[in-house]
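>>> what's the 3D shape of this:
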Amino acid sequence: MKITVIGGGSTYTPELIDGFARLGLPVEEIALVDPDTSRLAVIAPLAGRILARLGHPARVTATDDPDAGVDGADAVLLQLRVGGQGMRHIDETLPHDCGCIGQETTGVGGLAKALRTVPIVLDLAERIAKRAPAAWIVDFTNPVGIVTRALLDAGHRAVGLCNVAIGFQRTFADWLGVDHQRLSLEHVGLNHLTWERAVLLDGVDVMPQILAEHGSDLAARLHMPIEVVRRLGAIPSYYLRYYYAHDDALAEQLRGPSRAEQVAAMEAELLSAYADPALAEKPALLDRRGGAYYSEAAVQLVQALIADTGEVRVANVRNRGTLPFLPDDAVIEVPARIGAHGGVPLPVDRVEPLFAGLIAHVTAYEELALDAALRGGADRVATALLAHPLIGQADRAARLTDRLIAANRQYLWWA
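Numbering: from 1, shown residues only. Modelled structure (predicted):
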């Protein structure tokens with residue numbers, strides 16, 4: 001089996017390699033693809049050392065040529081960031097002057113990232129279709145819901161993946177002192193807009209126990225008062241704080257450095273550590289970089305797709321009537337049965353109006369955001385911004401449109 005990682009120069013990559021090695025995925029070659037050859041020169045040797053230390057026989061190759069990298073691949077993992085942490089910093093700070101949250105996947109920043117990213121991803125997908133037509137594309141690249149829908153609409157074999165669900169599962173298992181395999185989640189929504197409506201331990205809902213015994217821990221994890229969670233009757237993802245506690249989140253952002261600045265500093269330290277030829281494992285600092293458990297989620301998903309196991313995994317897949325208030329071709333994030341056919345969502349109990357309204361609203365925005373990414377134009381950007389529930393005012397959308405285009409002009413094929 002050959003696995004290609006596009007964005008292989010990411011500081012996340014050792015986490016991914018560690019997962020491949022520890023979980024024993026039968027991989028013969030891991031091809032790292034990245035335009036930044038200086039990063040590849042550091043990360044590829046570390047990847048080889050990690051595999052060797054854990055006794056995995058896969059060889060690591062590295063290239064800045066995506067055609068060569070994807071040639072003959074069985075699965076291609078996308079983890080790219082167009083514009084790097086510099087553009088992420090702009091995504092996170094540009095909206096502040098207009099009183100809007102700055103975040104790389106939500107609101108203005110998420111739209112900017114989609115505009116930069118979708119055309120690049122679709123070009124890569126066409127290369128994959130020519131060089132490895134049977135390969136599955138597993139997308140980690142944010143905004144995952146929009147990018148995955150772009151891939152599926154263009155006819156590519158793709159599934160989107162996020163680490164929110166597996167992160168909750170592992171955290172709850174730790175709190176309860178049980179094997180994580182005994183826990184399953186009633187996870188529903190869109191990428192970065194999800195709720196856990198039940199936490200099932202051997203089929204019994206233990207969410208009331210979690211709220212009673214670990215309410216303060218949960219509130220700290222979510223950066224929201226536990227009373228909000230109790231009112232919802234469900235555990236929201238961290239990203240819901242941008243909706244439920246927008247002003248507090250914005251005030252916090254204005255007080256400190258952007259997440260991009262924090263990550264850039266961590267990346268410099270990580271790359272320095274990675275260059276040490278004695279290092280043969282992922283350093284502890286990588287846990288602070290983010291993306292916990294995403295390597296395990298990736299390995300599980302790739303194995304299910306290629307081996308046609310039919311396992312149930314939380315993934316970003318077509319709606320197909322699962323949420324009847326959304327179009328069938330919308331992309332949702334729910335438990336899905338994964339196999340050679342891709343991902344088929346499992347049935348979902350009726351979604352409460354409190355959640356369904358926001359899901360429908362953001363889905364409409366995502367459709368307009370994808371249209372703007374594909375066809376370009378200031379009018380389409382402004383329309384997408386106007387549709388977003390965190391913006392939604394015409395004068396604000398117009399100001400943000402001008403600023404967004406000016407800041408991203410070098411990455412927009414139509415500007």
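>>> and the helix-or-strand element of the chain with minimal mean pLDDT, what does it pack against?
In the chain, no helix or strand scores lower on mean pLDDT, DSSP states H and E than helix 286-289, which sits at a mean of 78. Packed against helix 286-289 by the contact rule (3 or more C-beta pairs under 8 Å, 6 or more residues apart in numbering; DSSP states H and E) you find helix 259-274. Glycine gets a C-beta too; all of them are placed from N, C-alpha and C.
>>> chain center to the helix it packs on, what's the gap?
19 Å (C-alpha atoms, centre = their mean, to the nearest Å).
>>> buried sites along it?
In terms of neighbour count (16 or more other C-beta atoms under 10 Å), helix 259-274 has its buried residues at Arg259, Ala260, Val263, Ala264, Met266, Glu267, Leu270, Leu271, Ala273, Tyr274.
>>> now, which of these sits nearest Gly9?
Among the buried residues of helix 259-274, Leu271 lies closest to Gly9 (C-beta to C-beta), at 9.5 Å.
>>> what about the nearest residue to the closest one once chain neighbours are set aside, distance to Ala264?
Among residues not flanking Leu271 along the chain, Val42 sits closest, at 5.8 Å (C-beta to C-beta, 6 or more residues apart in numbering). Here Val42 is placed at a distance of 16 Å from Ala264 (C-beta to C-beta, to the nearest Å).
>>> again, but for Gly155
Distance, Gly155 to Ala264, using C-beta to C-beta: 36 Å.
>>> what comes up buried for the host helix or strand of Leu211?
Using DSSP states H and E, Leu211 falls within helix 207-222. Buried residues in helix 207-222, defined by neighbour count with 16+ other C-beta under 10 Å: Met207, Ile210, Leu211, His214, Leu218, Ala219, Leu222.
>>> what's it in contact with?
171-172, 175-176, 196, 198-199, 225-226, 229-230, 235-236, 238, 240-241 (C-beta atoms under 8 Å, 6 or more residues apart in numbering).
>>> relative to Asp34, which of those is nearest.
Distances from Asp34 to the contacts of helix 207-222, taken by C-beta to C-beta, are shortest for Tyr238, at 28.2 Å.
>>> ok, the closest one - contacts?
When contacts are counted by C-beta under 8 Å, 6+ apart, Tyr238 touches Val164, Arg221, Leu222, His223.
>>> so which of these comes closest to Pro324?
Nearest to Pro324, judged by C-beta to C-beta, of the contacts of Tyr238 is Val164 at 23.6 Å.
>>> grab the nearest non-local neighbour of that closest one.
Among residues not flanking Val164 along the chain, Ser237 sits closest, at 5.0 Å (C-beta to C-beta, 6+ apart).
>>> I'm done for today, thanks for sticking with me.
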